Each structure stands twice: as C-alpha cells, then as structure tokens.
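Colleague: Can you look at this prediction? I've put the sequence above it.
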Amino acid sequence: MPQKTKLIIFGLFAVLLISLLFSAQLYNAKLALERERDSIKKESEALGRKVEENLQDNKRLQEKLTLFNQDIERLAGEKDDLQKKYDSLKEERETLVQKLKEQAQAMEKLQAAKPVEQAAAAAPKTEDVFWANLLKTKADLEIQLVNVRNELNSIRVTNEQLQREKASLTIEVSTLTTENQDLKRQVDYNQKVLDSITKELVNEKNDKFEIQKNFKDIRSENGLLRQQLKGLIGNKANLETRLQELQTKYNDLQNNLSKLDTMLKDKMLQVDSLQKSLEQTMKGGSGEEKQDAVQLPPIVVRPQTESPRAKATKAMSEGKVLLINRSNNFVIINLGEDAGVKAGDSFEVYRNNDTIARIEAAQTRKAISACDIVRENTPIKVGDSVR
C-alpha cells in the first residue's frame, strides 16, 4: 500500500512537472508571439504612415498637374493640335492613378488574407515591391509634369508671337489710316489752290472780255493795250501750264489715294479675317473653357432720350471696340455692313452698363466700321461694348 501511494505521488508530481514545463513553454511562446505581433503592428503603422505621406505627396503632385492642365485648357482654344496630346496625357494619368488604387487594394487584400505568421515573413518583400512601384509612379509623374511645363512654355511663346503679329498689324493699319488722312488733307489743300487759280483765271478772262468790249473806245491806246495783252497772254499761258501741272499732280494724288484706299481695305479685311478667326477659335474652345472664358457684361436698357437713328442702331447687334486712334479721334468697331451699319449711324459706348461715349460711323466695311468720336465722357478702351 505505501509503495502504491509513493508511485501515485511520484506520478502526480511528474505530471505536475510536465504540466508546468508545458505551461512555461506555452507562456514563452505566447510572449514571443505577442512581441512579434507588436513588432509587426509597429511596422504596419510605420508603413501606413509612409503610405499616407506618399499619398499626400501624390495628391500634391496631382493638384499641381491639375493646375497645369487647367492652364493648358485655357490655351486649348488657340492651339487645337495640343488637345490630343493633353487627352493622351490625361488618360495616362488616370491609368497610373487606377494602377495605384489597384495596388493599394491588392495590398489590403493581401494583408487581410495572410495569417499573422506569414505576414511577419513576407512584410519586408511586400514593402520593397510597394516602395519600388510607388517610386516608379512618382518618377513617371514628375517626368510628365516636366513635359507639361515644356508644352506650356511652348504655348506661351506661340501666344506671345501671335500677340506681337496682331500688334504689328494694328500699327500698320493705324499708319495707313494716318497716311490716308494726310493725303486727304493734301488733296483738300490742292483743291483749294485749284479753286483759287480757277477764280483768278476767270477774273483774267473777264478782264480780257472787258478789254475786247472796250477795244474800239481805246484804239488810241492800242500799243499799250497790246503790251498789256501780251503780258496777259503770257500770264495765261503760265497759268494754264501751272494748271496742267497741278491737274497732273492731282491725278497722281488721286491714283495714289486710290491705291492707299485699296491697301487700307485689304488691311481692314485682314483685320476682319483675323477677328473672325479668333472668334471661331474662341467658339471652338468654349465648350471646355466656359468657366475661364471672358463674359461680356449683360445689356441693360436705360431710359434715355435718343434720336431715331440711335434707336435704330441699338436694334442691330452689340459690338466691341477693336482699335482706338487718339491722334485722329476715331475708333474701329467689329460691326459692319453685315450688321446693317451705314455711314452716319450713331452708337453709344458702354462700360459696365454705363454710357461713356458716343460715336458716329464714318466708313463701313463688311465686318468692321471706322467711327468718329462725337462725345467722350470717359476715355474709350479696347473691348468696350458698342450698341
């Protein structure tokens, strides 16, 4: 009996010892797993913070890219050929963003599907792949951003060149207009001189007739009258010669004036063509650029006492001031014969729905008109509305 009791006690002690050893091993394994879990959790949080920082960097890059895209869209109306490049770049950007999203979703699925033990073993490799893809995507975005900047600079240079060409053409038109007016003044002066000479010639002829009428009464003074007559005939010949020269000069001036008028018409047609081209280009980009497009102020009808001609002119269409010539006190507007404008029509110039000046059509063309400034309360500027 005591022997059996000793065996039982020894067996129980052995079982207790084995249980303690097993419990200690389980406890140590549990601590090791907890430490490993905490380490993995910290690494996961660090990776999460890095991913968040990279996502923020990516977002900033995307915002910058969006700003550049907006600048490109504002110039798309002037350079339609760059629209295809922009669309291609936009599709590539969306593809890269979609790839980033797919990679993020794949990472989430991979982390959710793998056990804790496998995540601890595969975390370094997944991190390396993720960072490699993220750095590659960032580098691609930076390269695309540089390309966008280069294209934007090219567009700006082209736009500045077009502005310089337009300014040069405006100066040429203004110069030709000034020369035309100078020639008109010269022609008017020559006409006055011609009228004066004609009056002198008429007076001379009247004197001659008077002398012939009184010839019989002054026969005794025939010798003196003959000398006077020779002098008058000589003067007449000189005057006729001078008159012929002036007539030739007048004809030459008329021809030159006609040539200059033709040149002026050609230049004004070129301005009209350029204006139509710009309007068509602006209309072509208006579907995508409505928010960036310049909006004309709304037409506000104010109660005023106006002449019938001014009311008829208002019934036409609204135009804008294209060119101002202060030295000769006239402006050029984008309303012409196609809009029903005739020489003598009066217009009101508006800015922010306030009347600032009155102008009157002096010359009209198909799509533009030259108008004299009749009254000017505020200096007229290019782009003011005309009704």
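Modeller: Looks like it came in fine. Because the structure is a prediction, the values reported are computed rather than measured. Numbering: from 1, shown residues only.
Colleague: contacting residues around Lys366?
Modeller: Leu269, Asp272, Gly336, Glu337, Asp338 (CB atoms under 8 Å, 6 or more residues apart in numbering). C-beta coordinates here come from the backbone N, C-alpha and C atoms, glycine included.
Colleague: which element follows the helix or strand encompassing Phe347 toward the C-terminus?
Modeller: For Phe347, the element it lies in under DSSP states H and E is strand 346-351. The first helix or strand that comes after strand 346-351 along the chain, using DSSP H and E, is strand 354-364.
Colleague: Same question for that next one: list its buried residues.
Modeller: Residues Ile356, Ala357, Arg358, Ile359, Glu360, Ala361, Gln363, Thr364 are the ones in strand 354-364 that count as buried (16 or more other CB atoms under 10 Å).
Colleague: what comes into contact with that strand?
Modeller: Here strand 354-364 has contacts from 302, 304, 330-331, 333, 336-337, 341-350, 369-378, 380, 384, 386, using CB under 8 Å, 6+ apart.
Colleague: Using neighbour counts, trim those residues to the buried set.
Modeller: Among these, those classed as buried by neighbour count (16+ other CB under 10 Å) are 330-331, 333, 336, 341, 345-350, 369-371, 373, 380, 384, 386.
Colleague: and the next element down the chain from the helix or strand where Asn147 lies?
Modeller: Asn147 is part of helix 116-213, with elements assigned from DSSP H and E. Going down the chain from helix 116-213, the next helix or strand is helix 222-284, by DSSP H and E.
Colleague: could you give me the average pLDDT of that next one?
Modeller: Helix 222-284 shows a mean pLDDT of 75 in the predicted model.
Colleague: Strand 354-364 and that helix, what's the angle between them?
Modeller: Counting by axes from the mean of the first three to the mean of the last three CA atoms, to 10 degrees, helix 222-284 lies at 120 degrees to strand 354-364.
Colleague: for helix 222-284, packing partners?
Modeller: Helices and strands in packing contact with helix 222-284 are listed as helix 116-213, strand 319-325; criterion 3 or more CB pairs under 8 Å, 6 or more residues apart in numbering; DSSP states H and E.
Colleague: For the shortest one, buried residues please.
Modeller: Right, the one you point to is strand 319-325. Of the residues in strand 319-325, those buried by neighbour count under the rule 16+ other CB under 10 Å are Gly319, Val321, Leu322, Leu323, Ile324, Asn325.
Colleague: I'd like those as JSON lines, with distance to Gln227 and pLDDT appended.
Modeller: As requested, the buried residues of strand 319-325 are exported to JSON lines (distance: CB to CB, whole Å; pLDDT from 0 to 100):
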{"residue": "Gly319", "distance to Gln227": "69", "pLDDT": "91"}
{"residue": "Val321", "distance to Gln227": "67", "pLDDT": "93"}
{"residue": "Leu322", "distance to Gln227": "66", "pLDDT": "90"}
{"residue": "Leu323", "distance to Gln227": "63", "pLDDT": "90"}
{"residue": "Ile324", "distance to Gln227": "63", "pLDDT": "90"}
{"residue": "Asn325", "distance to Gln227": "57", "pLDDT": "89"}
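Colleague: of the residues you listed, closest to Gln70?
Modeller: Minimum separation from Gln70 among the buried residues of strand 319-325 (CB to CB) is found for Leu322, which lies at 28.6 Å.
Colleague: in stretch 30-38, what counts as buried?
Modeller: For stretch 30-38, using 16+ other CB under 10 Å, no residue counts as buried.
Colleague: tell me the mean pLDDT over that stretch?
Modeller: Per-residue pLDDT values over stretch 30-38 give a mean of 79.
Colleague: Find the least confident helix or strand in this structure, judged by mean pLDDT.
Modeller: Sorted by mean pLDDT, DSSP states H and E, the helices and strands of the chain end with helix 308-314, the least confident at a mean of 42.
Colleague: what's the angle from the strand holding Phe347 to strand 319-325?
Modeller: Computed by the same axes, to 10 degrees, the angle between strand 346-351 and strand 319-325 is 90 degrees.
Colleague: Give me the sheet partners of strand 346-351 and which way each runs.
Modeller: Paired with strand 346-351 in the same sheet, following DSSP bridges, are strand 354-364 (antiparallel), strand 385-386 (antiparallel).
Colleague: which residues in the stretch 1-150 of the chain form helices?
Modeller: 2-75, 81-113, 116-213 (DSSP state H, counting those that start in this stretch).
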